[in-house]
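Asker: model the structure of this input:
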Amino acid sequence: MKIAIYFAAIGVLVPVLASNQSAHAEGNLENGKKVYRVCAACHSLEKGVHRTGPSLAKIWGQKAGSIDGFRRYSKALKNSNIVWTEKSLDQWLAHPKSFLPGNRMVFRGINNAAQRADLIAFLKGISEGEAKTAGAMQKGRPGQGPLNLKGLRPNNQVTGITHCADTFNVVTASGKTHQFWEMNLRLKIDSSTYGPPRGVPALIPGGMRGDRANLVFSSPGEISGFIKQKC
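Answerer: Sure thing, here's the model as predicted:
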């Protein structure tokens with residue numbers, strides 16, 4: 001029986017499969033698209049759009065730790081002089097900690113060589129324009145792109161925020177006031193092209209019971225100016 005465990009990582013997000021196989025020479029691009037879906041929560045396939053990990057849009061043939069705009073690489077990766085090819089990616093995906101000690105990857109590796117080969121074929125195809133992203137999960141949603149916080153409905157557009165004791169009062173463009181215990185309202189920043197317009201933070205549900213939410217600003221400077229202390 002195979003047991004699959006998924007891990008989020010700074011470099012590549014992949015499933016760990018309990019199976020030992022030797023490396024396959026060629027991978028299946030379409031199968032690789034399916035393997036990639038477990039990477040999508042941390043990696044986009046759109047150039048310049050970074051998440052927990054860097055965009056994988058143009059990884060093929062690139063020096064490790066050099067993707068433009070990503071600022072969270074480990075020193076080990078940046079100083080490694082590794083170039084991402086079929087061989088280096090296969091070794092990296094098989095066991096990243098032993099391949100490059102000191103990197104920030106948190107998954108143990110893919111023992112299934114066919115899975116590695118398929119994922120590598122897909123990433124190469126994306127870089128070279130031979131593979132399509134359609135069908136590959138983006139930000140956890142099948143067939144869709146990153147969550148766009150521009151042009152949301154009035155009930156998700158924030159016009160005012162006050163804080164009193166342990167409570168946030170969030171007023172939206174619909175005229176409603178939503179109250180949250182201060183520990184249940186997460187303040188976040190999305191400065192990407194998908195982030196909210198400046199001056200219009202987005203209120204996004206963050207829990208099954210409606211008692212938690214994410215309050216997303218376009219920049220850190222907006223937070224202190226937007227939230228008023230008032231009882």
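Asker: how about low-confidence regions in the chain?
Answerer: 1-25, 134-146, 208 (pLDDT under 70).
Asker: show me where it has helices.
Answerer: For the chain, helices defined by DSSP state H occupy the ranges 29-36, 75-78, 86-94, 96-99, 113-127, 221-226.
Asker: can I get those helices in a markdown table including mean neighbour count?
Answerer: In short, each C-beta sits where N, CA and C put it, glycine included. Below are the helices of the chain laid out as a markdown table (neighbours: other Cβ atoms under 10 Å):
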| stretch | mean neighbour count |
| --- | --- |
| helix 29-36 | 20 |
| helix 75-78 | 15 |
| helix 86-94 | 19 |
| helix 96-99 | 16 |
| helix 113-127 | 24 |
| helix 221-226 | 13 |
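Asker: out of the ones you listed, which gets nearest to residue 58?
Answerer: The minimum distance between residue 58 and the helices of the chain falls on helix 113-127, with 5.2 Å, by Cβ to Cβ.
Asker: got the domain ranges for this structure?
Answerer: Domain assignment for the chain, taken from automatic domain parsing, gives 4-127, 154-229.
Asker: looking at the ones you listed, which is buried most?
Answerer: Most buried of the domains of the chain, by mean neighbour count (mean count of other Cβ atoms under 10 Å): domain 4-127, with a mean of 18.
Asker: what sits against the nearest residue to residue 83 once chain neighbours are set aside?
Answerer: With sequence-adjacent residues excluded and distances taken as Cβ to Cβ, 6 or more residues apart in numbering, residue 83 is closest to residue 63, at 5.6 Å. The contact partners of residue 63, taken as Cβ atoms under 8 Å, 6 or more residues apart in numbering, are 81, 82, 83, 84.
Asker: quick check: the residue nearest to the spatial centre of the chain vs residue 227, distance?
Answerer: For the chain, the residue nearest the mean C-alpha position is residue 42 (2.5 Å; Cα atoms, centre = their mean). Here the distance between residue 42 and residue 227 works out to 29 Å (Cβ to Cβ, to the nearest Å).
Asker: repeat that for residue 218.
Answerer: Counting by Cβ to Cβ - residue 218 and residue 227 are separated by 14 Å.
Asker: wait, the residue nearest to the centre of the chain sits on residue 49?
Answerer: No - between residue 42 and residue 49 there is no contact under Cβ atoms under 8 Å: 11.9 Å.
Asker: residue contacts, residue 131?
Answerer: 29, 32, 33, 122, 124, 125.
Asker: residue 228 bridge partners, please.
Answerer: residue 162 (DSSP bridges).
Asker: what about residue 209, distance to residue 182?
Answerer: For residue 209, the distance to residue 182 - Cβ to Cβ - is 17 Å.
Asker: that should have said residue 67, apologies.
Answerer: Distance from residue 67 to residue 182, by Cβ to Cβ: 37 Å.
Asker: from memory residue 74 sits against residue 102, does it?
Answerer: Yes - between residue 74 and residue 102 there is a contact under Cβ under 8 Å: 6.4 Å.
Asker: now do the contacts for residue 200.
Answerer: Contacts of residue 200 (Cβ under 8 Å, 6+ apart): 157, 158, 159.
Asker: could you redo the last one with a cut-off of 7 Å?
Answerer: Residue 200 makes contact with 157, 158 under the criterion Cβ atoms under 7 Å, 6 or more residues apart in numbering.
Asker: now swap in residue 196 and tell me
Answerer: By Cβ under 7 Å, 6+ apart, the contact list for residue 196 reads 149, 150, 190, 202, 216, 218.
Asker: burial of the second one, as a residue count?
Answerer: Just to be clear, that refers to residue 150. 12 (other Cβ atoms under 10 Å).
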